[in-house]
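J.: Pasting the sequence and the predicted coordinates here, then a few questions.
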Amino acid sequence: MLLNCDLGESYGSWTMGLDAEVMPHIDQANIACGFHGGDPLTMQKTLALAAAHGVTIGAHPAYPDLAGFGRRSMALSAEEIIASVHYQVAAIDGMAASAELNLAYVKPHGALYNDMMAKREVRAAIMQAVSSYHRPLKLMLQATPDAAEHRREAEEFGLSLLFEAFADRCYDDDGKLLSRRKSGAVHSRDKMLAQVKQLKTQGTLTTVSGHTLPLHADTLCVHGDNIEGVKAIQDIRALVAGE
């Protein structure tokens, strides 16, 4: 099971995350493309970090919402979503190519990711955007009980998917992430590690009400916004590696 992390989200004088500390412990870096975070220099530095540690790179596009860090939904048409995703992917892809690196996948950020999972029309627009890019890229989206349906949708676009689970988030009984507005939405360190172990060894997780939910995940999303988060990533890395 791979580990992925959202990185390169600093912008100008505003610093976000501990990218240099996180990068040695992950497999996939989802790099912001400037619409919610990230700027050209930050993108360049993040690509260099990924190259130094042999980390696979992916584009992390968002709604054009720099002030809101991409966390607010926007009523974009399908054409606008496709164009904005192409614009952002092309930016990081071009910078990666200049550094002799290969962009491998796309993972939407924030509200665009949430809308993709909740609304078929948004998901279809994103799938069309990724599949119509000038070369093949995979799309990363949340592993849910609807994974088979999402695969069928992707097949219509000739698109390959990467399914991700969240190491530190509690799941509702329907397989969706428990709202952050609810108590227990974010796991403690012990619960997080127990969830990772269960996913790795059994391919299941335990929901908020104690039900067992089968879940196949290709990759785990981890967060390194602070030093405690970096230590948690190291613990998850050791657990996934069987150390």
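T.: Okay, I see it.
J.: rest of the way, CA atoms for contacts and neighbours
T.: Noted.
J.: Mind exporting the C-alpha coordinates of the biggest helix by length in the chain to CSV?
T.: The longest helix of the chain (DSSP state H) is helix 78-98. The C-alpha trace of helix 78-98 is given here as CSV (Å, rounded to 0.1, in the frame of the first residue of the first chain):
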residue,chain,number,x,y,z
ALA,A,78,-18.5,21.0,-17.1
GLU,A,79,-16.6,23.0,-19.8
GLU,A,80,-15.1,25.3,-17.1
ILE,A,81,-14.1,22.3,-14.9
ILE,A,82,-12.4,20.6,-17.9
ALA,A,83,-10.6,23.8,-18.9
SER,A,84,-9.4,24.6,-15.4
VAL,A,85,-8.2,21.0,-14.8
HIS,A,86,-6.3,21.0,-18.1
TYR,A,87,-4.8,24.4,-17.3
GLN,A,88,-3.5,23.3,-13.9
VAL,A,89,-2.3,19.9,-15.0
ALA,A,90,-0.5,21.4,-17.9
ALA,A,91,1.3,23.8,-15.6
ILE,A,92,2.8,21.1,-13.3
ASP,A,93,3.3,18.7,-16.2
GLY,A,94,5.3,21.3,-18.1
MET,A,95,7.4,22.2,-15.0
ALA,A,96,8.0,18.5,-14.3
ALA,A,97,9.1,17.8,-17.9
SER,A,98,11.6,20.7,-17.7
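J.: Could you list the residues in contact with that helix?
T.: With Cα atoms under 8 Å, 6 or more residues apart in numbering as the test, helix 78-98 has contacts from 31, 33-35, 43-44, 47, 59-64, 102-103, 106, 121-122, 125-126, 128-130, 133.
J.: do that again at 6 Å, thanks
T.: 33, 59, 61, 103, 125, 129 (Cα atoms under 6 Å, 6 or more residues apart in numbering).
J.: Low-confidence ranges, this structure, go.
T.: The model of the chain has pLDDT under 70 over residues 243.
J.: how about 90 then?
T.: Within the chain, the set of residues satisfying pLDDT under 90 comprises 1, 12-13, 16-17, 167-168, 174-191, 223-229, 239-243.
J.: Going along the chain, name the helices of it.
T.: Using DSSP H, helices in the chain cover 19-22, 40-53, 78-98, 110-118, 120-131, 147-156, 189-202, 227-240.
J.: State the distance from the closest residue to Asp172 other than its chain neighbours to Gln128.
T.: Using Cα to Cα, 6 or more residues apart in numbering and skipping residues adjacent in sequence, the residue nearest Asp172 is Leu178, 5.0 Å away. The spacing between Leu178 and Gln128, counted by Cα to Cα, to the nearest Å, is 28 Å.
J.: for Leu193, same thing?
T.: Counting by Cα to Cα, the gap from Leu193 to Gln128 is 36 Å.
J.: got it, and Asp218?
T.: 22 Å.
J.: Can you pick out the residue with more neighbours from the two?
T.: Neighbours around Asp218 and Gln128, counted as other Cα atoms under 10 Å, are more numerous at Gln128. The numbers are 21 against 14.
J.: Any idea how many residues pack against the residue lying closest to that one once chain neighbours are set aside?
T.: Spatial nearest neighbour of Gln128, excluding adjacent residues (Cα to Cα, 6+ apart): Phe157 at 6.6 Å. Neighbour count for Phe157, taken as other Cα under 10 Å: 15.
J.: Please consider this matter closed, and thank you.
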